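Engineer: Provided below are the primary sequence and the corresponding predicted coordinates.
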Amino acid sequence: MTSASHKPCPICRKPRSVDFSPFCSQRCKDRDLARWFGDGYAVPGRPASEEELAQRSWDEQD
């Protein structure tokens, strides 16, 4: 099995940098963050129902 220090950057596949681990550069680190903000990634789970979303919104107002 490959050790973590030898795995490539998950964005561009270049060697990782200690300063930006697990990425190779600030650019790749920022690209990954942009994917999270832009719904490029998602955590698996069941879709929320409209009632759950409405209740959560109502609870946050209190």
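Structural biologist: That came through fine.
Engineer: Return the helix or strand in this protein with minimum mean pLDDT.
Structural biologist: When the helices and strands of the chain are scored by mean pLDDT, DSSP states H and E, helix 50-61 comes last with a mean of 76.
Engineer: residues making contact with that one?
Structural biologist: Surrounding helix 50-61, the residues in contact under the criterion C-beta atoms under 8 Å, 6 or more residues apart in numbering are A48. Using the backbone N, CA and C atoms, a C-beta is placed for each residue, glycine as well.
Engineer: Any idea how far that helix is from the middle of the chain?
Structural biologist: The gap between the average C-alpha position of helix 50-61 and the chain average comes to 25 Å, counting by C-alpha atoms, centre = their mean, to the nearest Å.
Engineer: quick one: low-confidence parts of this protein?
Structural biologist: 1-5, 57, 60-62 (pLDDT under 70).
Engineer: helix/strand/coil for the spatially most central residue of it?
Structural biologist: Central residue check for the chain by C-alpha atoms, centre = their mean: the C-alpha nearest the mean position is that of W36, 4.6 Å away. Using DSSP: H, G, I helix; E, B strand; the rest coil, the secondary structure recorded for W36 is helix.
Engineer: How about the contacts made by it?
Structural biologist: Contact criterion C-beta under 8 Å, 6+ apart gives no residues in contact with W36.
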